[in-house]
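Asks: Sequence and predicted model, in that order:
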Amino acid sequence: MAAATKKTSKKKKDVDHPFTDKQLLEVYHYLQKTRLMDEQMRKLFRKARFAGTFFSAVGQEATTVCPAYLLEKDDFIGPSHREIGACITKGITLKEITTQIYARGNSVDKGKSHPCHYGRKDINVINPASTVASQTVLATGAAMAYKIRGDKHVAIGFFGEGGTSRGGWHESLNFAGVHKLPAIYVCQNNFWAESVPASLQAGVKKFADRAKAYGFPGVTIDGNDVVTVLKTTKEAIDRARAGEGPTLIEMLTYRWYGHSEIDPADYRTQDECDLWRKKDPIPRFEKYLMDEKILSRERKEGIISEIETEIKEAIDFAEESPYADPEEALTDVYGENYG
Amino acid sequence: MKQTTYIQAITDALDEEMARDESVFLIGQDIGLYGGVFKATKGLQDKYGKMRVIDSPISEVYIAGGSIGASLVGMRAVPEIQFADFITPAMDQIIQQAQKVRYRTGGEWWAPVTFRVCCGGDVGGGIYHSQINEAWFVNSPGLVVVMPSTAYDAKGLLKSAIRSNDPVIYFEHKRLYRSVKEELPEEEFLVPIGKADIKREGKDATIISYGYMLHQSLKAANTLSEEGVEVEVLDLRTLLPYDKEAVLESVKKTSRAVIVHESNKTGGVGAEISAFISEKIFEYLDAPITRVCGLDVPGVPFAPPMEHYYLPNPDRIVDAVRELMSY
Ligand SMILES: Cc1ncc(C[n+]2csc(CCOP(=O)(O)OP(=O)(O)O)c2C)c(N)n1
Ligand SMILES: [Mg+2]
């Protein structure tokens, strides 16, 4: 979780941004945490430690960690299936993630939902439904509530480029445009929606162009460039908080692995995958931090070993946790007693 | 004394709840400036402003899903679906979000949204403006489904629905808007969700109904009374979760049951009630459980003779009861 950005730190290089060294290091920490956690979950699925599947976001971390980092506690996030980074950064603990994936009785949802549907009410991250881009509609509704009440909060809807083909997505952005809602729409264009290429998803080349139809700005950026993602999202959040309306940000990125762990992803070429691995957002940002003397080798090793310990504890915790009593299936249907 | 119509009861309930609770807001097509196509929200935008009575674009997915999203962060949304027929796009959000959000989050989140759904036939509305699709929702645990038949119930149930922490599908019958009226108490009152109401007492047979058909059932009961058959008419009012005790109690007393509803028969509410009665109190029955329902066709047809052929009427209900009495 970010504190509001304070003062502009002096930079040697010509990268101009308003973030402090401390903030950049925190972002680095969340990026690594997301990456290492994600890779561990993939391994555990392969070892059949949990059922269902796992939606890896390796390669896309900057697109979810950076926007979530810039939010306040009461700001709302409507995630989809690939937003582990946003959830971790907003405050979902690793134990909440492992128990959720393992469907244990002590997870937030008590084992009722599906892997990768993380959320928690006190930090305003709604545990998602599986229906693609559905939480974009909810995030727009939350932004509408903020406008009705005159709250200064904002709402972010996360979705893939495939999600932008759905009717509810268009209805939401249209409504947000009419009322200048405090909403930020983050499109992770990873060029594939399961096996369907972006070229078969839309007639526009840039998904950000869809915003034109709704009367607010749409921008396309390199989603694997951490500083650019931070800067662009901050501008959008500032605009939203100032009552100037929504922004659609298309972030170009790539998922390294299959749609989920059961997908061999044989519809893509090796060349394409290799190209994008070279654009890995984490080493790029790390190099910048090291060049700027913000991060040292020792500090990096310290961060990583700290994260690895936390991950191990979270996995052990989930593995030792029992499932809920099957009769728990009967609860949480209604909030009132109508008997 | 002042008579309040069914539609005025709805307007009054909205007004009272909006005055009482700042988190209550309305959204829907034509509900603000125009006061609603049937005028159910007349005067409310002037009183509460454009952001609490929101004239929405023609976007049923958003009307439903935006209401749900707002309700997740502390609002109580009352979206209007102008015609039940057009709720189909909103089903996506009603089913994937409103119905499931409490369950899929282990009780962390819930969606206090009251969907006001204008429904029903016998108004010459034709195939796209006459539907009652309550069975879709009754087959969706996690939702509450209600359908008032009187002005008193319309007001009391709407106020309870808005205060409930569960998503409620509130079916209001357009045929009843101005044809049904009564004197209402000056003081505030609520009608509890989940409670049926005996609208006429009897000992020989039970008619279980709701909405407009409740009135047709009462007419049938009058005719039957002249023949010496005293029918009990039970108004279900809440269709999910329905009042199982009231159903069993009445049928145990009368030993005969007819279920009357306007929507089509197969897979309808009548099928559920009938199965429930026979599972629980088969030994009390003196005759088969009967249903008088709309036809199993895709919609309510337009031409007046066809529409009347589609809809259950007092004669058909009387015939059904007579047949039961002959066992
Ligand atoms: C309404 C709906 N249709 C289909 C699916 C199955 N499905 C899940 S994810 C997905 C692809 C989503 O692609 P995109 O929006 O680009 O996100 P990405 O997976 O690339 O992150 C599909 C088709 C679904 N979950 N919901
Ligand atoms: Mg995609």
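Replies: Happy to help now that I have it. Ligands and ions are numbered 1, 2, ... in the order given.
Asks: Find me the pLDDT at the residue of chain B found nearest chain A, would you?
Replies: Going by Cβ to the nearest Cβ, chain A is nearest to B:G69 of chain B, at 2.1 Å. Using the backbone N, CA and C atoms, a C-beta is placed for each residue, glycine as well. Looking at B:G69, its pLDDT reads 98.
Asks: can you confirm it is in a helix?
Replies: Yes: B:G69: assigned to a helix according to DSSP: H, G, I helix; E, B strand; the rest coil.
Asks: What about it, how many residues nearby?
Replies: 34 (other Cβ atoms under 10 Å in any protein chain shown).
Asks: Wait, it touches A:G141, no?
Replies: Yes: judged on Cβ atoms under 8 Å, B:G69 makes contact with A:G141 at a distance of 2.1 Å.
Asks: I'd like to know how many residues surround the residue in the stretch 151-300 of chain A that ligand 2 sits nearest to.
Replies: Nearest residue of the stretch 151-300 of chain A to ligand 2, counting by Cβ to the ion: A:G160, 3.4 Å away. A:G160 has 27 neighbours, counted by other Cβ under 10 Å.
Asks: May I have the secondary structure class of the residue lying closest to it once chain neighbours are set aside?
Replies: Using Cβ to Cβ, 6 or more residues apart in numbering or on different chains and skipping the chain neighbours, the partner closest in space to A:G160 is A:Q188 (5.4 Å). Judged by three-state DSSP, the three-state class of A:Q188 is strand.
Asks: residues in contact with A:Q188?
Replies: By Cβ atoms under 8 Å, 6 or more residues apart in numbering or on different chains, the contact list for A:Q188 reads A:60, A:63-64, A:82, A:158-161, A:223, A:251, A:253.
Asks: Could you tell me the model confidence score at it?
Replies: 98.
Asks: partner residues bridging it?
Replies: Taking DSSP bridges as the rule, A:Q188 bridges to A:G160, A:M251.
Asks: Pull up the gap between it and A:G163, please.
Replies: Distance from A:Q188 to A:G163, counting by Cβ to Cβ, to the nearest Å: 9 Å.
Asks: can you tell me which two in the contacts of A:Q188 are farthest apart?
Replies: Spatial extent of the contacts of A:Q188 (Cβ to Cβ) is set by the pair A:T64 and A:E161 at 14.5 Å.
Asks: Pick out whichever of those two has more residues nearby.
Replies: Set side by side, A:T64 and A:E161 show more neighbours around A:T64, with 33 against 24, by other Cβ under 10 Å.
Asks: Identify the residues contacting that one.
Replies: Per Cβ under 8 Å, 6+ apart, neighbours of A:T64: A:34, A:57, A:79, A:82-86, A:89, A:158, A:186, A:188.
Asks: rerun that using 10 Å as the cut-off
Replies: A:30-31, A:34, A:57, A:77, A:79-80, A:82-90, A:156, A:158, A:186, A:188, A:223, A:229, A:251, A:253 (Cβ atoms under 10 Å, 6 or more residues apart in numbering or on different chains).
Asks: ok, which of those residues also contact ligand 1?
Replies: A:82, A:188 (Cβ under 6 Å from any ligand atom).
Asks: Sitting in strands, which of the contacts of A:T64 do you find?
Replies: Among the contacts of A:T64, the members found in strands (DSSP state E) are A:77, A:156, A:158, A:186, A:188, A:251.
Asks: Nearest to B:F302 among those residues?
Replies: A:F158 (45.5 Å).
Asks: can I assume the closest one is in contact with A:V132?
Replies: No: here A:F158 does not reach A:V132: they are 11.3 Å apart, not a contact under Cβ atoms under 10 Å.
Asks: higher neighbour count, those two?
Replies: Shown here are A:F158 and A:V132; by other Cβ under 10 Å, A:F158 has more neighbours (30 against 21).
Asks: where does that one sit relative to A:L31, distance-wise?
Replies: Taking Cβ to Cβ, one finds A:F158 at 16 Å from A:L31.
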